[in-house]
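Colleague: Have a look at this fold, sequence not included:
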């Protein structure tokens, strides 16, 4: 049984690593992909063409969505195994002490 429990822990660490490292690397390598245009896409900036403003806005939405996904995903990877989000109310009423392994994997310990 310890092997399954350690796999769950390793999977959580692996997911947490990817949820935090991927956005950082993506942001670092794409920070200058549209040249000197600021990340917040000001309307008074002198864009060479109108398409650059549209590309900047799409990039900004992409960054916001990526960081929101990473933040929410990180919180879920931390809180779900801790039993903060039990499966349903019936399960919560049945078991006053929530089994973290069951909440994360859906499998009962033997």
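Modeller: Received, thanks. What you are looking at is a predicted structure, and each value in this text was computed from that prediction instead of being measured. Numbering: from 1, shown residues only.
Colleague: hey, let's count contacts and neighbours off CA atoms from now on
Modeller: Noted.
Colleague: what ranges do the helices span in this structure?
Modeller: 2-30, 50-79, 89-94, 100-105 (DSSP state H).
Colleague: from those, which stretch is densest packed?
Modeller: helix 100-105 (a mean of 17; mean count of other C-alpha atoms under 10 Å).
Colleague: still on that earlier bit, out of the helices of the chain, which is closest to residue 37?
Modeller: helix 50-79 (7.7 Å; C-alpha to C-alpha).
Colleague: now for the closest one, which elements pack on it?
Modeller: Helix 50-79 is packed against helix 2-30, with contacts defined by 3 or more C-alpha pairs under 8 Å, 6 or more residues apart in numbering; DSSP states H and E.
Colleague: and the helix it packs on with helix 50-79, angle?
Modeller: Calculated by axes from the mean of the first three to the mean of the last three C-alpha atoms, to 10 degrees, helix 2-30 forms an angle of 160 degrees with helix 50-79.
Colleague: quick one: average confidence on helix 2-30?
Modeller: Here helix 2-30 scores 76 as its mean pLDDT.
Colleague: what do you get for stretch 39-52?
Modeller: Per-residue scores along stretch 39-52 average to 91.
Colleague: what are the phi and psi values for residue 32?
Modeller: Per-residue torsions, residue 32: phi -110, psi 30 (degrees, to the nearest 10).
Colleague: And for it, the neighbour number?
Modeller: 12 (other C-alpha atoms under 10 Å).
Colleague: what separates it from residue 74, distance-wise?
Modeller: Taking C-alpha to C-alpha, to the nearest Å as the measure, residue 32 falls 26 Å from residue 74.
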